[in-house]
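Enquirer: Need coordinates for the following:
(one chain, ligands or ions: 1)
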Amino acid sequence: MAWDFSTEPEFEEKLTWIRDFVREEVEPLEVLFPGCEFLPLDEDRRKIVDPLKQQVRDRGLWAPHLGPELGGQGFGAVKLTLINEILGRSGWAPIVFGTQAPDTGNAEILARFGTPEQKERYLDGLLSGEIFSCFSMTEPQGGSDPRVFTTRAVRDGDDWVLNGRKYFSSNASVASFIIVVAVTDPDVPVHRGASTFLIPADTPGVNIEATHHLVGSLPHEAGHSLIHYDNVRLPASAMLGEPGHGFQILQARLAGGRIHHAMRSIGVAQRALDMMAHRAKSRFTQGSSLADKQLVQAFIADSYAELLQFRLTVLHTAWLIDTAGEHAARAEIGVCKILASQVLKSIGLRAIQVHGAMGLTQQLPLTNVLLGGVALGLADGPTEAHKVNLARMLLKDYEAEDPEWPSEFLDVRVAAAQAKYGDRVSQIPLVPPAP
Ligand SMILES: Cc1cc2nc3c(=O)[nH]c(=O)nc-3n(C[C@H](O)[C@H](O)[C@H](O)COP(=O)(O)OP(=O)(O)OC[C@H]3O[C@@H](n4cnc5c(N)ncnc54)[C@H](O)[C@@H]3O)c2cc1C
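Expert: Numbering: from 1, shown residues only. Okay, here's the model as predicted:
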């Protein structure tokens, strides 16, 4: 029986180092190189970013999500949560620590399903943080429901020929390679008829038709692309995993991705809460500080309560993953995905409100928190779809009862108690006597 909320002193030391390092060394990159996280390093950025990455490596903290077989420390999900919640504070921190999405998820599926040749070709660069990757699944006609996907890969001799259009393929404009989900067998349901392909970004026929940016992003950011795969010819060795297993690979990728987003969201929300509290204590209006106004106190208390529940949920999910495996934590991972979006939206909105008009300007990172919450309600599948899946999963454990009288209906319970103990008591009252 071990339910322990403490952190080993040696690991706490690492966390203290990460906290100071992110605040002192990494957060300044946000204003030095805004929106450049996913751009290949130019000379200026490399001079600063490479030595920071080296410090992380020297401390044994590079790519903390990976097991030792891939050059990580094998920290496990709980320790990773404690690290990632700090890294979430800054958009640059995941880059400096080698944990940025979508590359982490893409590296995981390559490590798990890739052939030795595929790993050699793509994985090393990804793990060293030297190249970026893209995951291309959503289509212009819909992302939530894979049954509408029409991008097809058709056998032609030993090759596959890929045709179709994909939308919102993040970082396609800077990626060295793209992981594409395409229908290979249209005669079976898409969950059994789709496959996954690894495509070098410069392959003939891979045409980026447009790149769209989220509101508030900078024009040089990598953005989210509409890609036309126009007769892209791929060798058989381009397939990742088995034909028809695209969705199994996808599920493996998204489960990890969702929990990593949730871990980082704790840090994003904590930063917004810190800003809200500082501002509340610093700003005076109508005779007192904002921190003295009960409505603002409610903002802070509600935000802390939401964040605490969320953080404990993520840590508990991580503990389940460590102790029972990702499959056993499916429902909890779904909860983390749903809560991450909610928590960022509600705390982000309150933090903006407390900062007044300034909260809406680009001088503060708060609209990013709010929009980040909205984006997390869509990326990796919309909240509604996750709620549907979660409810289905939960409902499996319940049986239908008598449609007229539920089992908790008092008359029903009295009859049951009568049947069990009636021979030993003189009377079972329908309504318990008042105390
Ligand atoms: C920041 C960001 C990054 C992304 N990166 C990538 C990427 O790298 N690669 C990629 O392939 N895709 C990416 N996406 C796309 C994302 O996966 C899709 O946006 C998502 O799957 C929803 O698809 P859609 O946008 O086409 O919305 P639609 O499928 O048109 O759905 C619209 C809305 O319908 C509602 N809805 C859907 N299903 C249900 C349901 N069952 N019950 C009730 N309501 C429902 C939801 O409110 C949903 O938002 C990204 C999205 C964002 C925001």
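Enquirer: quick one: low-confidence parts of this structure?
Expert: Within the chain, the segments meeting pLDDT under 70 span 429-435.
Enquirer: residue in it nearest to the ligand?
Expert: Residue of the chain nearest the ligand, by Cβ to the nearest ligand atom: Gly143 (2.4 Å). (Glycine included, C-beta is placed from N, CA and C.)
Enquirer: hang on, that residue packs against Phe168?
Expert: Yes: using Cβ atoms under 8 Å, Gly143 is in contact with Phe168, at 6.9 Å.
Enquirer: Next, the residue of the chain closest to the ligand: phi, psi?
Expert: Main-chain dihedrals, Gly143, degrees, to the nearest 10: phi -120, psi -30.
Enquirer: Tell me how many other residues surround it.
Expert: Neighbour count for Gly143, taken as other Cβ atoms under 10 Å: 20.
Enquirer: now do Leu234
Expert: By other Cβ under 10 Å, 22 other residues sit near Leu234.
Enquirer: and the residue nearest to it when sequence neighbours are not counted, helix, strand or coil?
Expert: In space, and not counting its chain neighbours, Leu234 is closest to Trp160: 4.6 Å by Cβ to Cβ, 6 or more residues apart in numbering. Following DSSP: H, G, I helix; E, B strand; the rest coil, we place Trp160 in the strand state.
Enquirer: Then Val215?
Expert: coil.
Enquirer: and the gap between it and Glu139?
Expert: Going from Val215 to Glu139 by Cβ to Cβ, to the nearest Å gives 22 Å.
Enquirer: Between these two, point out the one with more neighbours.
Expert: Set Val215 next to Glu139 and count neighbours by other Cβ under 10 Å: Glu139 wins out with 19 against 7.
Enquirer: quick one, phi/psi of that one?
Expert: Torsion angles, degrees, to the nearest 10, at Glu139: phi -120, psi 160.
Enquirer: give me the number of residues near Tyr424?
Expert: You called it Tyr, but residue 424 is Arg. Residues lying near Arg424 (other Cβ under 10 Å) number 6.
Enquirer: Next up, the contacts around it.
Expert: Listed by Cβ atoms under 8 Å, 6 or more residues apart in numbering, Arg424 has no contact partners.
Enquirer: where does the stretch 151-300 of the chain come near the ligand, residue by residue?
Expert: Within reach of the ligand by Cβ under 6 Å from any ligand atom, the stretch 151-300 of the chain has these residues: Phe168, Ser169, Ser170, His224.
Enquirer: Can you point out the buried residues in stretch 234-247?
Expert: For stretch 234-247, burial by neighbour count (16 or more other Cβ atoms under 10 Å) applies to Leu234, Ala238, Met239, Leu240, Gly241, Pro243, Gly244, His245, Gly246, Phe247.
Enquirer: Does Gly74 touch Pro68 like I think?
Expert: Yes: counting by Cβ under 8 Å, Gly74 does reach Pro68; the two are 4.7 Å apart.
Enquirer: who's more crowded, the two?
Expert: More neighbours surround Gly74 than the other of Gly74 and Pro68, with 13 against 8 (other Cβ under 10 Å).
Enquirer: any idea how this protein splits into domains?
Expert: The record's domain parsing of the chain by automatic domain parsing lists 9-100, 133-240, 248-395, 399-435.
Enquirer: Rebuild those domains as JSON lines, extending it with distance to Met1.
Expert: Shown next, in JSON lines, are those (distance: least, Cβ to Cβ, whole Å):
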{"stretch": "domain 9-100", "distance to Met1": "17"}
{"stretch": "domain 133-240", "distance to Met1": "40"}
{"stretch": "domain 248-395", "distance to Met1": "13"}
{"stretch": "domain 399-435", "distance to Met1": "31"}
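Enquirer: which one of those domains lies closest to Tyr122?
Expert: In terms of Cβ to Cβ, the element of these nearest to Tyr122 is domain 133-240, at 5.6 Å.
Enquirer: Figure out how far the closest one is from the centre of its chain.
Expert: Here domain 133-240 shows a centroid-to-chain-centroid distance of 20 Å under the convention Cα atoms, centre = their mean, to the nearest Å.
Enquirer: start to end distance for it?
Expert: End-to-end span of domain 133-240 (Cα to Cα, to the nearest Å): 14 Å.
Enquirer: which one is Pro102 nearest to, not counting chain neighbours?
Expert: Nearest non-adjacent residue to Pro102, counting by Cβ to Cβ, 6+ apart: Phe135, 5.0 Å away.
Enquirer: In which helix or strand does that neighbour reside?
Expert: strand 133-136 (DSSP states H and E).
Enquirer: For that strand, which outside residues touch it?
Expert: For strand 133-136, contacts defined as Cβ under 8 Å, 6+ apart pick out 102-103, 105-107, 122, 126, 166, 169-172, 175-181, 201, 225, 227, 253.
Enquirer: three-state assignment of the closest residue to Thr151 other than its chain neighbours?
Expert: Counting by Cβ to Cβ, 6+ apart, Thr151 lies nearest to Gly164, which is 2.6 Å off, once chain neighbours are set aside. Here Gly164 takes the strand state, with states given by three-state DSSP.
Enquirer: mind listing what Gly164 touches?
Expert: For Gly164, the contact set (Cβ under 8 Å, 6+ apart) comprises Glu139, Phe149, Thr150, Thr151, Arg152, Ala182, Tyr229.
Enquirer: Among the residues you listed, which pair sits farthest apart?
Expert: Greatest spatial distance among the contacts of Gly164 (Cβ to Cβ): Phe149 and Tyr229, at 12.3 Å.
Enquirer: can you list residues touching both of these two?
Expert: Between them, Phe149 and Tyr229 share these contacting residues under Cβ under 8 Å, 6+ apart: Gly164, Ala182.
Enquirer: Which one's more surrounded, those two?
Expert: Taking other Cβ under 10 Å, Phe149 and Tyr229 do not tie; Tyr229 has more neighbours (25 against 22).
Enquirer: quick one: Ala318 from Gly267, how far?
Expert: The spacing between Ala318 and Gly267, counted by Cβ to Cβ, is 14 Å.
Enquirer: Looking at these two, which one has more neighbours?
Expert: Taking other Cβ under 10 Å, Ala318 and Gly267 do not tie; Ala318 has more neighbours (25 against 20).
Enquirer: That one against Val78, yeah?
Expert: Yes: contact criterion Cβ under 8 Å: Ala318 and Val78 qualify, at 4.5 Å.
Enquirer: Report the buried residues of stretch 317-325.
Expert: If you call a residue buried by 16+ other Cβ under 10 Å, then stretch 317-325 has these buried ones: Thr317, Ala318, Trp319, Leu320, Ile321, Asp322.
Enquirer: Next: stretch 379-395.
Expert: Result for stretch 379-395 [16+ other Cβ under 10 Å]: buried residues Ala379, Asp380, Gly381, Thr383, Ala385, His386, Leu390.
Enquirer: Turn the residues you listed into CSV, columns for distance to Arg192.
Expert: Shown next, in CSV, are the buried residues of stretch 379-395 (distance: Cβ to Cβ, whole Å):
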residue, distance to Arg192
Ala379, 25
Asp380, 21
Gly381, 19
Thr383, 26
Ala385, 19
His386, 22
Leu390, 23
